[in-house]
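Enquirer: Generate a structure from the sequence data that follows.
(2 chains)
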Amino acid sequence: MAGAVPSLRVKVLFFGRLRELTGLAEDDGELPQGATLAQVFERYAERYPKLAGFRNSMVVSRNQEFAAWDTRVAAGDEIAFLPPVSGG
Amino acid sequence: MAGSSTVKAIEQDKIELVRAAIDAGALVRDVRAGQDGAIVTFDGFVRNESDGRLTSYLEYEAYESMALGKMKEIAAEIHEKFAIHRVAIVHRLGRLEIGETSVFIAVSAPHRGAAFDACRFAIDTLKRTVPIWKKEYFADGAVWADGELPPTPPSAKSAS
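Expert: Have a look, this model is predicted:
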């Protein structure tokens, strides 16, 4: 039932091969209160099944800091899914 | 504590993401000062092959705001760890041709040891922790370069 569970809005970013795979650079996500970064990822893995295979070869950031998957998100967070980095 | 001298040094650092060619000579001049006795630089540029395949060109992309933040953290960390003076760390994004500089680091110091150590630490840390990605284009296709997974903090549960 829409609206029954309090929800929060976050900005979600995808980079590199993850952006190519989803065709999505940026998305506005709506999540239930108390959701973790892992649950944010699962939400997108349902929409883009190929993402699931990358879960162990990526990291996640929250507000531009690397974060543990069980970190809870807050309204207005900027969340990014990051493949292995290859700058230099 | 390094305190105010570190703060002052950081203000003089040059930490940038750019899309045009990197002017290495200008960066070396930026970090050079009368009190220094040495500058060590690292010039990373585009190699013409990858695992035996001839590379046509590379494309770099970044999570720009976070990448700049992480590059500034590296500069702050080498000021704390090593007796250095000024730092320049510049990474280029977009399409780069063979031989073009993708990253340039210059570190000045009164004595060479600290400058060598800091420059090495800076490039090694950049390659492990800064959210920048490179795609390698070949005559017959393109691949995202193998990268490194940045270290992540321990689980939130164990932290609380």
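
Enquirer: all contacts plus neighbour counts: C-alpha atoms, from now on.
Expert: Noted.

Enquirer: so where is chain B shaky, pLDDT-wise?
Expert: Low-confidence segments of chain B, defined by pLDDT under 70: B:1-9, B:158-160.

Enquirer: Kindly recompute the last result at 50.
Expert: Within chain B, the stretches with pLDDT under 50 are B:1-2, B:159-160.

Enquirer: the helices in it, which residues?
Expert: B:3-12, B:24-31, B:64-81, B:112-129, B:156-159 (DSSP state H).

Enquirer: can the fourth one be found next to chain A?
Expert: Looking back up the chat, that one is helix B:112-129. Yes: residues of helix B:112-129 contacting chain A under CA under 8 Å from any CA of the partner chain: B:123, B:126, B:127, B:128, B:129.

Enquirer: Just the C-alphas of that helix, formatted as PDB.
Expert: The C-alpha coordinates for helix B:112-129 follow below in PDB (Å, rounded to 0.1, in the frame of the first residue of the first chain):
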ATOM      1  CA  ARG B 112      65.100  14.200  -1.700                       C
ATOM      2  CA  GLY B 113      64.300  11.200   0.500                       C
ATOM      3  CA  ALA B 114      60.900  12.600   1.600                       C
ATOM      4  CA  ALA B 115      60.000  13.700  -1.900                       C
ATOM      5  CA  PHE B 116      60.700  10.200  -3.400                       C
ATOM      6  CA  ASP B 117      58.800   8.500  -0.600                       C
ATOM      7  CA  ALA B 118      55.800  10.900  -0.800                       C
ATOM      8  CA  CYS B 119      55.600  10.700  -4.600                       C
ATOM      9  CA  ARG B 120      55.600   6.900  -4.500                       C
ATOM     10  CA  PHE B 121      53.000   6.800  -1.800                       C
ATOM     11  CA  ALA B 122      50.800   9.300  -3.600                       C
ATOM     12  CA  ILE B 123      50.600   7.400  -6.900                       C
ATOM     13  CA  ASP B 124      50.200   4.000  -5.200                       C
ATOM     14  CA  THR B 125      47.400   5.300  -3.100                       C
ATOM     15  CA  LEU B 126      45.700   7.100  -6.000                       C
ATOM     16  CA  LYS B 127      45.600   3.900  -8.000                       C
ATOM     17  CA  ARG B 128      43.900   2.100  -5.100                       C
ATOM     18  CA  THR B 129      41.500   4.600  -3.700                       C
END
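
Enquirer: Buried residues of that helix, list them for me.
Expert: B:112, B:114-123, B:126-129 (16 or more other CA atoms under 10 Å in any protein chain shown).

Enquirer: Can you name every helix or strand that that helix contacts?
Expert: Contacting helix B:112-129 under the criterion 3 or more CA pairs under 8 Å, 6 or more residues apart in numbering or on different chains; DSSP states H and E are the following elements: strand B:38-45, helix B:64-81, strand B:101-109.

Enquirer: how about these in a markdown table, adding mean neighbour count and distance to chain A?
Expert: As requested, the helices and strands packed on helix B:112-129 are exported to a markdown table (neighbours: other CA atoms under 10 Å in any protein chain shown; distance: least, CA to the nearest CA, whole Å):
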| stretch | mean neighbour count | distance to chain A |
| --- | --- | --- |
| strand B:38-45 | 19 | 6 |
| helix B:64-81 | 18 | 5 |
| strand B:101-109 | 26 | 6 |
